[in-house]
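Peer 1: Below are the sequence and a predicted model; questions follow.
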Amino acid sequence: MPEKPKLRVGIVGAGWAGEGHAFGFGECPRTEVVAIANRTRETGEALAERFDVPTVDDDYRALIDHGVDIIGVTTPGHTHHEITMAALEAGVHVLCEKPMAKNLAEARRMIDACRESGTHLIVNHQRRTTRPLRRMRELIAEGAIGDITLIRASCAGDVLTDGTHAIDSMRFLAGDVPVEWVFGSVYRTRVDPD
């Protein structure tokens, strides 16, 4: 059987999350990072040099037109909808950082665009792949710690970028069973501008 060609990946955003995406896709034998787009060209060039990427663009549209199969969207959250929609409409698969979108309406449009284009949209919840969470899940599945009746989590960051990891981790530990009941609260302290 002939070997399948590698999927061509472009990274949009060259910060620490972009570096993580570039490293992950670079380690995968089925993918090859071929382009990086970043608002600040110097930052994009630095990441491109580090990962020996042959092409750097400063506009995500040029990256999509570069012939990539997948893009990793690691830009600020308020840009995710626009970039993801452009990629999905071009038939490019997307691995998007959190938050997926600014609101539920944008998220629904992204999902609809994915279905219409036949592409895949994945929101990055990599913590479920970590060794401690996988081991906890194994112990729960084996019944080693008894029946789970409650899973509680907290996060130090905001709900959209950090809390989403807590929610996904709880779902993973529970075996991704359908959710029956949820209770949540948000605690915020007032920060004086002085």
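Peer 2: Arrived safely.
Peer 1: What pLDDT does the model give the residue nearest the centre of the chain?
Peer 2: Nearest to the geometric centre of the chain sits Asn124, at 2.4 Å (Cα atoms, centre = their mean). Model confidence at Asn124, expressed as pLDDT, equals 89.
Peer 1: give the contact list for it.
Peer 2: 21, 95-98 (Cβ atoms under 8 Å, 6 or more residues apart in numbering). (C-beta placed from N, C-alpha, C; glycine too.)
Peer 1: Just the buried residues from those, in PyMOL please.
Peer 2: Remark: buried members of those, expressed as a PyMOL selection using 16 or more other Cβ atoms under 10 Å:
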select buried, resi 21+95+96+97+98
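Peer 1: Kindly indicate which of the contacts of Asn124 lies nearest Phe183.
Peer 2: Checking those against Phe183 by Cβ to Cβ gives Lys98 as the nearest, at 21.6 Å.
Peer 1: distance of the closest one from Ile70?
Peer 2: In this structure, Lys98 lies at 18 Å from Ile70, with Cβ to Cβ, to the nearest Å as the measure.
Peer 1: How about Ala107?
Peer 2: Distance of Ala107 to Ile70, computed by Cβ to Cβ: 20 Å.
Peer 1: who's more crowded, those two?
Peer 2: More neighbours surround Ile70 than the other of Ala107 and Ile70, with 21 against 18 (other Cβ atoms under 10 Å).
Peer 1: strands paired with the helix or strand bottoming out on mean pLDDT in the chain, and their directions?
Peer 2: Ranked by mean pLDDT, DSSP states H and E, the helix or strand of the chain with the weakest confidence is strand 55-57, at a mean of 77. In its sheet, strand 55-57 lies beside strand 31-37 (parallel), with partners assigned from DSSP bridges.
Peer 1: quick one: contacts of the partner strand?
Peer 2: Residues lying outside strand 31-37 but in contact with it, judged by Cβ under 8 Å, 6+ apart, are 6-14, 18, 22, 25-26, 44, 47-48, 51, 53-60, 62-63, 66, 68, 70.
Peer 1: and what of stretch 63-73?
Peer 2: With contacts defined as Cβ under 8 Å, 6+ apart, stretch 63-73 is touched by 7-13, 18, 21-22, 25, 31, 34-37, 55, 57, 60, 79-80, 83-84, 86-87, 90, 92-97.
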